[in-house]
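Q: below is the sequence, then the predicted model.
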Amino acid sequence: MIILENVHKSFGSLKVLKGVNLTVHEGEVVSLIGASGSGKSTLLYCINGLEKIDSGRVTVDGTDVHAKGTDINKLRQKLGTVFQQWNSFPHLTALENVALAPRVVSKIDKAMAREVAAAQLKRVGLSDKLDHYPSQMSGGQQQRLAIARALAMKPNYMLFDEATSALDPELVTEVLDTMRMLASEGMTMIVVTHEMSFARDVSDRVAFFKQGVLAEIGPAREVMEAPKDPDLQRFLSSSTR
Ligand code: ADP
Ligand code: MG
């Protein structure tokens, strides 16, 4: 379970998170939507410890992410993160990219790590790309590679930060399909997305972010089809898909 309690975060004088409360339960898929600059990415980074918080509390399976004694590297193994782009090492093949973390972090031997990697690449439909370098792969394949890298650490949670935003439209579907597969397998996911149909159809809940505040949150259909917040109504009517 991921719990955020009254989380505040500023960059200098800019208040980016203004008292965020959010609980994400095991097996849940929560989509975060909202205008650019509203604090969605910052929220994800406060969960995986890439950003510090000013006050409040973030716990992952009961461990306080920002407490002094917390082993953040160990905690991060539970949290697979997929960014918009540049997720993989350009000088390593797909197989090497996925095998790297299990080998280094979990200290399993090379053959075992390659086995784990091949299995995860198969899971995301990249069995035929094991020896390809990222530059030899399409944007959609690179994002699926990024997902396989995260999965290789056997995370309890997956965090997606606009994983499809940098892709050409025809490549978006294959990545969303992979995310949909993970959701159907019961993976707990927090998904920052501009894909409104994904938010509506795949998420259990949708949260609308407005200037650092969770302005509306609820069951996906309810939030997407009967939004209460006037800004959310405007946001949804201006979204194309
Ligand atoms: P979103 O993901 O919703 O577009 P972000 O969380 O990236 O929003 O950013 C929220 C606000 O915080 C923006 O105004 C952004 O410019 C600012 N911001 C984000 N990261 C930093 C940083 N490292 N230093 C200073 N300002 C930042
Ligand atoms: Mg962002």
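A: Perfect, I can see it now. Keep in mind the model is a prediction, meaning the values are calculated, not measured. Ligands and ions are numbered 1, 2, ... in the order given.
Q: look through this protein and tell me its longest helix.
A: Longest helix of the chain, by residue count under DSSP state H: helix 169-184.
Q: residues in contact with that helix?
A: 29, 123-125, 138-141, 143-144, 147, 151, 158, 160, 163-164, 167, 189, 191, 195, 198, 202-203 (Cβ atoms under 8 Å, 6 or more residues apart in numbering). The way it works is simple: take the backbone N, C-alpha and C, and place the C-beta from them, glycine included.
Q: quick one: that helix to chain centroid distance?
A: 13 Å (Cα atoms, centre = their mean, to the nearest Å).
Q: immediately after it, which helix or strand?
A: For helix 169-184, the following helix or strand on the C-terminal side (DSSP states H and E) is strand 188-192.
Q: pull out the buried members of the contacts of helix 169-184.
A: Among those, those buried by neighbour count (16 or more other Cβ atoms under 10 Å) are 29, 123-125, 139-141, 143-144, 147, 151, 158, 160, 163-164, 167, 189, 191, 195, 198, 202-203.
Q: does Gly212 really touch Gly39, like I thought?
A: Yes - the pair Gly212 / Gly39 is scored as a contact, 4.5 Å apart, by Cβ atoms under 8 Å.
Q: thought Phe108 was touching Ala117?
A: Actually, residue 108 is Ile. It isn't Phe. No - contact between Ile108 and Ala117 fails when scored by Cβ under 8 Å: they sit 10.7 Å apart.
Q: and those two? Which one has more around it.
A: Ala117 (26 against 15; other Cβ atoms under 10 Å).
Q: up against ligand 1, what does this structure have?
A: 11, 14, 16, 34, 36-42 (Cβ under 6 Å from any ligand atom).
Q: could you identify the most distant pair in those residues?
A: The span of those, defined through Cβ to Cβ, is set by Phe11 and Gly34 at 17.3 Å.
Q: ok, those two, which is more surrounded?
A: Taking neighbours as other Cβ under 10 Å, Phe11 and Gly34 compare with Gly34 leading, 24 against 9.
Q: what sits opposite that one in the beta ladder?
A: In this entry, Gly34 is beta-bridged to Phe209, by DSSP bridges.
Q: for Lys107, give me the pLDDT.
A: Note on Lys107: pLDDT of 83.
Q: I meant to write Arg241 there.
A: pLDDT, Arg241: 55.
Q: drop anything exposed from the residues of the chain next to ligand 1.
A: 16, 34, 38-42.
Q: so which of those belong to helices?
A: Going by DSSP H, the helices hold 40-42 from these.
Q: hang on, His8 packs against Lys15?
A: Yes - using Cβ under 8 Å, His8 is in contact with Lys15, at 7.4 Å.
Q: in stretch 42-53, what counts as buried?
A: 42-49, 51, 53.
Q: which of those lies closest to Met1?
A: The nearest one, if we look at the buried residues of stretch 42-53 relative to Met1 and count by Cβ to Cβ, is Ile47, at 11.9 Å.
Q: what about that closest one, distance to ligand 1?
A: 12 Å (Cβ to the nearest ligand atom, to the nearest Å).
Q: you'd agree that residue is up against Asp61?
A: No - the criterion here is Cβ under 8 Å, and Ile47 misses it with Asp61 at 11.9 Å.
Q: residues contacting Lys210?
A: 34-35, 38, 229, 231-232.
Q: try Gly39
A: Neighbours of Gly39 in contact, by Cβ under 8 Å, 6+ apart: 9, 16-17, 20, 209, 211-212.
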